[in-house]
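S.K.: One predicted model, sequence on top.
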Amino acid sequence: MTNSRLAITLGDPAGIGGEVILKALAEPKVYENCELTVVGSRSLLLETYTKLNLVHNCSPLADPEKLSILDVDLGNEYLHNLNSSESNNSNKITIGEGNAASGAASFAYMETAINRALQGEFDGIVTGPIAKSAWKAAGHHYPGQTELLAQKSGVEKFGMLFVARSPHTSWTLITLLATTHIPLEKVPQVLTPELMTQKLDLLLKCLKQDFGVEKPKIAIAGLNPHSGEGGQLGSEEQEWLIPWLEQQRQKYPSLQIDGPIPPDTMWVKPGQAWYGQGNVTPADGYLALYHDQGLIPVKLMAFDRAVNTSIGLPFVRTSPDHGTAFDIAGKGIADAKSMKAAIQLAAELVSHRKLGVRSKE
Ligand SMILES: NC(=O)C1=CN([C@@H]2O[C@H](COP(=O)(O)OP(=O)(O)OC[C@H]3O[C@@H](n4cnc5c(N)ncnc54)[C@H](O)[C@@H]3O)[C@@H](O)[C@H]2O)C=CC1
Ligand SMILES: NCC(=O)COP(=O)(O)O
C-alpha cells in the first residue's frame with residue numbers, strides 16, 4: 001500500500017464523531033500507511049478524551065495531544081456566543097443536541113477538508129457523522145455531505161455507495177443507491193432511464209477502478225412489490241425499467257445484469273453470502289432504487305461495519321454508515337468499528353487509485 005494522506009472530519013461536535021475517532025485511532029493498525037489529520041476542534045477532542053477517560057473509564061483512546069489536528073476557526077461571533085453565559089441554546093454546542101451551532105461547526109470542518117483536498121493536500125476525506133437538520137438550522141441547505149462534496153468538487157455525476165466486508169466470509173457487499181435523500185413520494189418521479197444509466201455506469205467504473213472487478217455481475221431491484229407483477233402492482237417496471245435493462249444488456253453483452261429483481265427477495269443471496277450459508281453466487285454490485293430499499297438490508301447485515309463512500313469525486317471519500325447518535329453521545333458506549341472500516345477503506349481506495357488495483361478476472 002502507498003502512503004495515503006487522509007483528513008478525518010470531526011462531524012457534528014454534539015454527536016459521537018469525536019468518540020469514534022479517538023477509539024479508532026487508538027489502534028495503530030487501523031491507520032497503517034496513512035498520514036492523518038483530524039479536521040475539527042482540538043479543544044473538543046481534548047474534552048471528549050478527558051471526559052471519556054475520567055468519567056467512563058473508556059479505553060483505549062488516542063491521546064489528542066499526539067494527533068495532527070487542524071483546528072478550524074469558527075469565527076469570533078460564534079466563539080463569543082459559545083462562551084457567553086447569555087447565549088441562547090442554538091448558539092451553544094451541547095453534547096447530545098444538534099443545533100445551529102453544532103451544524104455551523106460540522107459544516108465548517110467539511111468545507112475546510114474539501115478545500116484542502118481539492119488543493120491536493122489530502123488524497124481522501126473520512127467524514128464524521130453530521131446531522132442534516134443541524135446544517136439546515138445553521139442555514140446550510142444540503143440533503144447531506146455527499147451533495148456538498150459533489151457541488152464543491154464541480155461534479156454532476158456522483159453516487160452514494162455502501163461497502164461492507166463480511167466478518168464471517170470476507171465477502172464484500174457493494175450497494176449503490178439510485179436515489180438518496182428525497183421523500184419517498186418523489187422517488188418514482190426522480191427515477192428515470194437517464195438517471196439509472198448514470199448510476200449503472202458509475203457503479204461499473206467504481207467496481208473496476210476501486211475493486212478490480214472487470215466483468216461484474218450486477219443485480220438491480222424493481223421498484224414495486226414483486227417488481228410490479230406484470231403491471232398489476234405498479235407500472236414503472238413495464239413502462240421503462242424492463243426496456244432499459246434490455247438496452248443495458250445489449251450495451252454490455254459481456255456482463256450479467258439481473259433485474260428487475262423483486263425487492264423483497266433481492267437480499268436473500270447477499271444475506272447467504274454474508275453469513276456463509278449455502279453455495280450462492282452473489283452479485284458483485286447491487287443497485288437499489290431508493291434509500292431504505294438499499295440501507296435496510298445493508299444495516300441489518302452490517303450496521304457495525306459498513307462504510308458509506310461517495311463515488312464520482314476527484315478524491316476518495318468514506319464515512320461510517322451510522323449517524324450522530326445524539327442519544328448516546330458522551331456516554332462512552334459508541335462502537336467505532338464502522339469508523340475504523342471507513343479509515344481502512346479510504347487508505348485502500350487511495351492506494352488502488354495511485355498504484356492500480358489487481359484485476360479479479
Ligand atoms: N454519515 C452521516 O453523516 C450520517 C448522518 N446521519 C444523521 O444522523 C442523525 C441521527 O440519525 P439516526 O437515524 O438516528 O441514525 P444514527 O445512526 O445516528 O442512530 C441510530 C441508532 O443507532 C445507534 N448508533 C448509531 N451509531 C452507533 C455507534 N457507532 N455505536 C453504537 N450505537 C450506535 C444510535 O444510538 C441510535 O439508537 C440524523 O440527523 C441523520 O441525518 C445518519 C446517517 C449517516
Ligand atoms: N443514510 C446515509 C447518510 O445519511 C449519509 O449521507 P451523507 O451525509 O454522506 O450524504
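M.R.: Thanks, I have the structure now. Ligands and ions are numbered 1, 2, ... in the order given.

S.K.: Test my guess that A341 contacts P167.
M.R.: No - counting by Cβ atoms under 8 Å, A341 sits too far from P167 to count as a contact (10.3 Å). All C-beta spots, glycine's among them, are computed from the backbone N, C-alpha and C.

S.K.: okay, and the common contacts of these two?
M.R.: R305 (Cβ atoms under 8 Å, 6 or more residues apart in numbering).

S.K.: Of the two, give the one with the bigger neighbour count.
M.R.: A341 (23 against 11; other Cβ atoms under 10 Å).

S.K.: Next, F158: phi, psi?
M.R.: Note on F158: backbone dihedrals following degrees, to the nearest 10 are phi -150, psi 170.

S.K.: Can you report how many residues neighbour the nearest residue to it once chain neighbours are set aside?
M.R.: Distances taken as Cβ to Cβ, 6 or more residues apart in numbering place G312 nearest to F158, at 3.5 Å, with adjacent residues excluded. The number of residues packed near G312 is 22, by other Cβ under 10 Å.

S.K.: now do G120
M.R.: G120 - counted by other Cβ under 10 Å - has 10 other residues nearby.

S.K.: quick one: it from P314, how far?
M.R.: From G120 over to P314 the distance is 10 Å, taken as Cβ to Cβ, to the nearest Å.

S.K.: Excluding covalently adjacent residues, which one is nearest to K152?
M.R.: Using Cβ to Cβ, 6+ apart, the nearest residue to K152 is I114, at 4.7 Å.

S.K.: wait, I meant P263
M.R.: Closest to P263 by Cβ to Cβ, 6+ apart is A221, at 4.7 Å.

S.K.: so does stretch 112-128 get close to ligand 2?
M.R.: No - Stretch 112-128 lies out of reach of ligand 2 by Cβ under 6 Å from any ligand atom, never closer than 6.7 Å.

S.K.: so how far does that stretch reach from one end to the other?
M.R.: End-to-end distance for stretch 112-128, by Cα to Cα, to the nearest Å: 14 Å.

S.K.: ok, now stretch 250-263?
M.R.: End-to-end distance for stretch 250-263: 24 Å, by Cα to Cα.

S.K.: ditto for stretch 201-219
M.R.: Terminal-residue distance, stretch 201-219 (Cα to Cα): 14 Å.

S.K.: And the average pLDDT for it is what?
M.R.: Mean per-residue pLDDT for stretch 201-219: 96.

S.K.: Please point out which parts of that stretch sit buried.
M.R.: Buried residues in stretch 201-219, defined by neighbour count with 16 or more other Cβ atoms under 10 Å: 201-204, 206-208, 210-211, 213, 216, 218-219.

S.K.: Contacts for that stretch next, please.
M.R.: By Cβ under 8 Å, 6+ apart, stretch 201-219 touches 157-159, 161, 172, 174, 176, 200, 252, 254-259, 261, 266, 269, 281-287, 311-312, 349, 352-353, 357-361.

S.K.: low-scoring pLDDT stretches of this protein, where are they?
M.R.: 1, 75-90, 361 (pLDDT under 70).

S.K.: how about a cut-off of 50?
M.R.: Applying pLDDT under 50 to the chain picks out residues 80, 83-85.

S.K.: From G234, how far off is the closest residue to ligand 1 within it?
M.R.: Residue of the chain nearest ligand 1, by Cβ to the nearest ligand atom: G323 (2.2 Å). Noted for G323: a distance of 31 Å to G234, by Cβ to Cβ.

S.K.: what do you get for P13?
M.R.: In terms of Cβ to Cβ, P13 sits 44 Å off from G234.

S.K.: Likewise for A221?
M.R.: For A221 relative to G234 (Cβ to Cβ), the value is 13 Å.

S.K.: Which one of those two is surrounded by more residues?
M.R.: Using other Cβ under 10 Å as the criterion, A221 and G234 rank with A221 on top: 25 against 17.

S.K.: What's opposite that one in the beta bridge?
M.R.: Per DSSP bridges, the residues bridged to A221 are I261.

S.K.: Could you pull up the contacting residues of it?
M.R.: G259, P260, I261, P262, P263, M266, Y286, L287, A288, L289, Q293, G294.

S.K.: Next step: these restricted to helices.
M.R.: Among the contacts of A221, the ones falling in helices (DSSP state H) are Q293, G294.

S.K.: how about CSV for the contacts of A221, with neighbour count and distance to ligand 2 added?
M.R.: As requested, those are exported to CSV (neighbours: other Cβ atoms under 10 Å; distance: Cβ to the nearest ligand atom, whole Å):
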residue, neighbour count, distance to ligand 2
G259, 23, 23
P260, 23, 23
I261, 19, 22
P262, 16, 23
P263, 21, 18
M266, 24, 19
Y286, 28, 16
L287, 27, 16
A288, 25, 12
L289, 26, 15
Q293, 24, 12
G294, 26, 9
